[in-house]
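Visitor: Sequence isn't available, so here's the structure alone:
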């Protein structure tokens, strides 16, 4: 099994926009409110970090819509 030294990039879509006080829960990730009312949280995440973000989403009572992994992580 070949391992990439860069974690894959994930895009996580949730329903609604995040309150400003919750942004610190996702520090280090891009948090992008969308015009349709959803929010996309994205960034490079290994499996442990991904599960941590998903746990935060659950703990905040947010509705998870979609999780997508890109083919590769950062290469530069």
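Guide: Yes, it's here. This structure is a prediction, so every number in the text was calculated from the model and none was measured. Numbering: from 1, shown residues only.
Visitor: which residues touch the longest strand that the chain contains?
Guide: Taking residue count as the measure and DSSP state E as the definition, the longest strand of the chain comes out as strand 64-73. Contacts with strand 64-73, where a contact means CB atoms under 8 Å, 6 or more residues apart in numbering, come from 4, 6-15, 38, 44, 50, 54, 57-58. Backbone N, C-alpha and C define where each C-beta goes, glycine included.
Visitor: try it again with 6 Å
Guide: The list of residues contacting strand 64-73 from outside it, by CB atoms under 6 Å, 6 or more residues apart in numbering, reads 4, 6-15, 44, 57.
Visitor: State the mean pLDDT of that strand.
Guide: Per-residue confidence for strand 64-73 averages out to 85 on the pLDDT scale.
Visitor: neighbours of residue 63, just the number please.
Guide: Counted with other CB atoms under 10 Å, residues neighbouring residue 63 total 10.
Visitor: For the remainder of this discussion, apply numbering that starts at 30.
Guide: In the new numbering, first residue 30, that becomes residue 92.
Visitor: for the nearest residue to it once chain neighbours are set aside, what are its contacts?
Guide: What sits nearest to residue 92 in space, not counting adjacent residues and going by CB to CB, 6 or more residues apart in numbering, is residue 44, at 3.8 Å. Contact criterion CB under 6 Å, 6+ apart gives 67, 92, 94 as the residues in contact with residue 44.
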